[in-house]
Structure formats: structure tokens, C-alpha cells
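[1] Provided below for reference: sequence and predicted model.
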Amino acid sequence: MNSSAQNAVVRLPSDELREQLMVQVAKLYYELEKTQSEIAAEVGLTRWQVSRLMREARELGVVRIEILPRAQRRPNIEVDLQRAFDLREAIVVSAGPSDDEGISLVSVAQAAGQYLAGINPKIELIGVSWGRTMAAVARWLPPGWNDNVHVVLVNGATTLRSTRDHTNLVAERFAETGNGRATLLPVPAIVGKKSTREVLDRDPVIANVLALAEAAPIVCFSVGALSPQSVLVDSGYLNPTEIEVLAARGAIGDILGHFIDANGGIADPELDARTLGLRPEQLRDKERAVAVSAGRAKRRMVLTCLRAGYINVLVTDEATALYCLERRNER
């Protein structure tokens with residue numbers, strides 16, 4: 001091909017022929033994933049003309065681009081939550097018209113993963129708890145969400161029974177996708193005697209892990225409902241009868257494995273004396289105490305923890321957020 005042919009500029013057609021060309025170019029770009037240079041060579045136009053056609057196609061509605069985030073945010077509710085409970089941040093998502101709590105958990109877990117990945121400067125040290133919700137967050141962390149992150153487990157997670165979802169492997173998954181390392185707390189969540197916990201607390205290995213958990217400026221955790229289906233029951237630490245006893249003593253759920261009452265206080269001091277890990281009140285000193293929660297069963301726990309000051313960043317579903325706002329002045 002001679003130089004004059006190479007430099008020739010094909011005039012774009014008008015009206016119907018132009019629209020047909022727009023459709024052709026749009027299909028090649030959006031559906032067949034060709035570059036603008038490849039399209040120009042294929043249809044006999046310049047790259048500039050291809051770009052112009054694509055812009056016109058969007059302006060005329062021949063091509064419509066929709067941005068559909070998987071987790072629909074509710075900014076107005078987020079602002080209300082931040083004001084009502086003096087939060088650093090609130091992220092409220094909706095699963096749409098569905099009442100399926102599984103869908104809500106996926107949306108909330110994904111939003112939590114995106115929030116953690118977006119923190120700047122990048123996280124150097126983060127504490128995490130474990131359980132079904134936290135396992136879901138770990139699955140939704142984008143690959144490479146951090147770089148060289150140090151993840152520390154903040155409460156005991158050596159389970160007595162294996163679980164299908166491997167809910168005790170959260171710290172490892174956080175570290176793996178964050179190109180970092182995990183420091184685990186290699187003890188049970190609850191031991192049989194108070195004296196056993198006291199000995200473990202004094203052990204240098206355990207003490208160093210707990211000190212690291214205390215030093216973490218960010219802790220990401222969920223809350224647990226008081227239920228026979230609790231992850232602490234599934235893991236073998238408690239049985240349904242003990243859950244009934246806790247309910248009789250005013251417990252409404254657990255945070256970091258510690259069972260609290262409706263005022264945010266410890267519901268069963270004897271059981272709590274056998275519980276290993278970071279304590280709820282230590283969350284008040286964190287730069288970011290990030291609670292992730294979804295579902296009807298945990299709403300009362302979320303509200304109680306907000307009132308107690310255990311949470312300063314909340315990632316939750318719309319129904320839970322509205323529940324907390326509607327009852328913020330109730331006692």
C-alpha cells in the first residue's frame with residue numbers, strides 16, 4: 001500500500017449508515033473485546049474516527065453503559081448512623097427486594113472486603129476474629145488487597161470439632177490474599193477452668209500474641225447471636241443447654257467470644273473467666289473497630305455494641321441499620 005493510501009482519511013457516512021457503523025464498532029469493542037486500533041484496521045477507519053463513533057454511540061443511546069455495584073449502598077442511612085452513634089464510618093448495603101439472609105451476608109461481606117482494601121495508607125497490622133461472617137469477608141477480599149500485611153488472630157480459635165466452613169481459618173486467608181503473614185492464637189476460645197486460662201495468659205508465647213492483638217490499630221470482627229446454631233456450639237465449646245443457661249442470665253450474644261447482656265456488660269462472669277482473647281472494652285481504644293454483621297438474629301447485638309462503644313466502623317445490611325436507628329433512644 002502506498003503512502004497516499006495509508007494517509008487517506010475515509011469520510012464517515014451520515015444518518016442510517018453511520019448508525020450501522022456505530023453498532024459494528026460497538027460490538028467489536030464491547031462484545032469482541034478488540035482494541036480501537038484493531039477495529040480501525042478492520043473497518044477501514046482511523047483510530048480517531050473509531051473513538052468518535054464510540055463517543056457518539058454513547059451520546060445517542062446506541063450504547064448504554066450501566067454501573068451496577070454488587071452491593072447497593074445507602075449513603076443517607078450511613079450518615080444517620082454515623083451521627084446517631086458517633087461512628088468513624090458506616091457502610092450500609094441492601095440485598096434488594098430479597099429477604100434471603102444469605103444474600104445479605106454476601107453483600108455485606110463483599111462491602112467489608114472492599115472497605116478494608118480501600119484503607120490508606122495500607123494496613124500494616126490488623127486483628128481479626130473468626131466465625132462464619134468473618135470467613136465470608138475473607139472470601140470476598142480482593143486478591144492483593146494489601147501488601148505485606150500482618151494479621152493477628154484476636155481470640156482463641158483452636159476448635160474441638162472440625163466445621164464444614166473452616167470458620168477458624170480467617171487470619172490465614174486474610175494474610176494469604178494480602179501478601180502477608182498471620183500470627184495465630186493457638187488456644188481454645190473457651191477452656192474448662194479459670195486457672196487454665198490464667199496459666200495460658202502468662203505463657204510467653206500466648207502473652208506475645210495477645211500483646212500484638214492489643215497493639216493492632218484495626219480490628220475486624222463480627223458478633224454472634226445467642227443460638228443453638230452458634231459457631232461456638234458447632235465448634236464444640238458450648239452445648240444447647242449452656243446456651244439456655246446464658247439466656248437465663250441475660251446474655252443476648254457474643255463479641256470476640258465474650259457473652260454480653262443488653263447493657264453491653266458480661267453476662268456470665270464464670271464463663272468469661274475461661275474465655276481467651278481480646279476483651280470487648282479493648283475495642284474502644286482502636287483506631288478502627290470494624291464490625292461486620294448481617295441478619296435479623298444479630299440486630300439486637302449490633303445495637304447493644306454500638307451503644308457500648310465497641311464499634312466505630314459498622315458494615316451491615318439496611319434492615320439492621322434501620323433497626324438500630326429506630327431503637328437508638330430505647331433502653
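    Received the coordinates, thanks.

[2] so where do the helices sit in the stretch 51-200 of the chain?
    75-85, 101-117, 132-140, 170-177, 194-202 (DSSP state H, counting those that start in this stretch).

[3] Distance-wise, check the closest residue to residue 37 other than its chain neighbours relative to residue 29.
    Once flanking residues are discounted, residue 37 sits nearest to residue 47: 5.5 Å by Cβ to Cβ, 6 or more residues apart in numbering. (Each C-beta comes from the backbone N, C-alpha and C, glycine too.) Here the criterion is Cβ to Cβ, to the nearest Å. By it, residue 47 lies 12 Å from residue 29.

[4] between these two, who's got more neighbours?
    Neighbour count, other Cβ atoms under 10 Å: between residue 47 and residue 29, residue 29 has more, with 20 against 14.

[5] Phi, psi for residue 74 please.
    The phi/psi pair for residue 74 (degrees, to the nearest 10) reads phi -120, psi 80.

[6] Who are the contact partners of residue 297?
    Taking Cβ atoms under 8 Å, 6 or more residues apart in numbering as the criterion, residue 297 is in contact with 225, 227.

[7] Model confidence for it, exactly?
    In this prediction, residue 297 carries a pLDDT score of 93.

[8] follow-up on the earlier one: mutual contacts of residue 47 and residue 29, please.
    Applying Cβ under 8 Å, 6+ apart, one finds that residue 47 and residue 29 are jointly contacted by residue 36.

[9] contacting residues for the residue nearest to residue 37?
    Residues in contact with residue 47 (Cβ under 8 Å, 6+ apart) are 36-37, 40.

[10] List the buried residues in stretch 257-267.
    Within stretch 257-267, the residues scored as buried using 16 or more other Cβ atoms under 10 Å are 257-262, 264, 266-267.

[11] end to end, how far does stretch 21-38 reach?
    End-to-end span of stretch 21-38 (Cα to Cα, to the nearest Å): 15 Å.

[12] And it, what's buried?
    21-22, 25-26, 28-29, 34, 36.

[13] Tell me where this structure has strands.
    Along the chain, the segments classed as strands by DSSP state E run 72-73, 89-94, 125-128, 150-153, 181-183, 218-221, 223-225, 251-255, 258-261, 288-293, 313-317.

[14] can you redo the buried residues of stretch 21-38 as CSV with pLDDT?
    Formatted as CSV, the entries for the buried residues of stretch 21-38 read as follows, by pLDDT from 0 to 100:
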residue, pLDDT
21, 86
22, 86
25, 88
26, 88
28, 89
29, 87
34, 87
36, 88
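
[15] tell me which of the residues you listed is nearest to residue 326?
    residue 26 (47.4 Å; Cβ to Cβ).

[16] OK, contacts around that closest one?
    54, 57, 62-63.

[17] Show me the shaky parts of the stretch 1-150 of the chain.
    Confidence mapping of the stretch 1-150 of the chain against pLDDT under 70 gives the ranges 1-16, 65-71, 95-102.

[18] Could you do the stretch 151-300 of the chain as well?
    For the stretch 151-300 of the chain, the stretches with pLDDT under 70 are 158-168.

[19] one more time with 80
    157-168 (pLDDT under 80).

[20] In space, not sequence, find me the middle residue of this structure.
    Geometric centre of the chain, nearest residue: residue 112, 2.1 Å, by Cα atoms, centre = their mean.

[21] so who does that one touch?
    Listed by Cβ under 8 Å, 6+ apart, the contact set of residue 112 reads 91, 137, 140, 220, 290, 292, 315.

[22] still on that earlier bit, mind picking the two most distant members of the buried residues of stretch 257-267?
    257 and 262 (18.4 Å).
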